[in-house]
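Peer 1: predicted structure and sequence below. I'll ask about it afterward.
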Amino acid sequence: MQMTTRGHERPIYRDVKLNRQSLRHLFITEEASLDLLKPLFEACKRYYKQSLVITDLDISPIKTNSYQLIPRAKSAQFVASLVKGQLTRTTIYIAGTEGFMWDIQNLVLKSGIDKESIRMFEPISDTRRVICTHCFTVMDNINHRTTQCTGCQRMLEVQNKFSELHAAYSGVQLKFDPKQSPLVRPRPSSKLF
């Protein structure tokens, strides 16, 4: 899916297809979403292609004929070297969790690739990255409508307002019912997005 945003609303992801106008195709994915990229990777046999797979394992980088497996801690360094000097007629395909994809997109944009050359798939899960609008703490892997901020300890409601810069959704303090005891805090809801 290709992504579009409308202001600060939740991103909309559209179907991703191979850009046949490009001479180079760069694939960047988390290990869990590798299968999403395989059909496109195989469809571009006639083109120059490279692939980075990001893993949570603490390993030394491994290079195969198909891709390079690298630890998450070194992803920024490897992404920068992958896109270096490939500014024209290049398409970059990104798959993974939403926070990961936006982090990678921001790295790619900083290296000079234009936004129209980036294709992002539908995120592989509904988990979100949330930024507290009160103390600016960023929290990953949030999958409830409410959560407690790990910074200021406020109970937050996760909004559909998305920040491309932080690759995160806004978390705003829940409004309490005045009849409710100030010592009783609502528990995080069990509903997923």
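Peer 2: In hand now; what should we look at?
Peer 1: please name the nearest non-neighbouring residue to residue 152.
Peer 2: residue 135 (4.1 Å; C-beta to C-beta, 6 or more residues apart in numbering). In this view, the C-beta of every residue, glycine as well, is placed from N, C-alpha and C.
Peer 1: contacts only, for the one you found.
Peer 2: Taking C-beta atoms under 8 Å, 6 or more residues apart in numbering as the contact definition, residue 135 lies against 149, 151, 152, 154.
Peer 1: recalculate using a threshold of 10 Å.
Peer 2: 149, 150, 151, 152, 153, 154 (C-beta atoms under 10 Å, 6 or more residues apart in numbering).
Peer 1: for these, which one is nearest residue 64?
Peer 2: When the contacts of residue 135 are compared for distance to residue 64 (C-beta to C-beta), residue 150 wins out at 37.6 Å.
Peer 1: which SSE is residue 54 in?
Peer 2: Per DSSP states H and E: residue 54 is located in strand 48-55.
Peer 1: that strand packs against which elements?
Peer 2: strand 24-30, helix 34-43, strand 68-71, helix 75-83, strand 90-95, helix 98-110 (3 or more C-beta pairs under 10 Å, 6 or more residues apart in numbering; DSSP states H and E).
Peer 1: give the buried residues for the longest one.
Peer 2: Neighbour-count burial for helix 98-110 flags 98, 99, 100, 101, 102, 103, 104, 105, 107, 108 (criterion: 16 or more other C-beta atoms under 10 Å).
Peer 1: on that earlier part again, now, of the helices and strands packed on strand 48-55, which is deepest in the fold?
Peer 2: Comparing the helices and strands packed on strand 48-55 by mean neighbour count (mean count of other C-beta atoms under 10 Å), strand 90-95 ranks first with a mean of 25.
Peer 1: what packs against it?
Peer 2: strand 24-30, helix 34-43, strand 48-55, helix 75-83, helix 98-110, strand 118-120.
Peer 1: next helix or strand past the shortest one?
Peer 2: Along the chain past strand 118-120, the next helix or strand (assigned with DSSP H and E) turns out to be strand 128-132.
Peer 1: so in that sheet, which strands flank that next one, and in what orientation?
Peer 2: The strands beside strand 128-132 in its sheet (DSSP bridges) come out as strand 138-142 (antiparallel), strand 168-173 (parallel).
Peer 1: just give me how far that strand sits from the chain centre.
Peer 2: In terms of C-alpha atoms, centre = their mean, to the nearest Å, the centre of strand 128-132 is set 12 Å apart from its chain centre.
Peer 1: going by secondary structure, the residue nearest to residue 152 is in what exactly?
Peer 2: Taking DSSP H and E as the definition, residue 135 sits outside all helices and strands.
Peer 1: and it, how far from residue 159?
Peer 2: For residue 135, the distance to residue 159 (C-beta to C-beta, to the nearest Å) stands at 16 Å.
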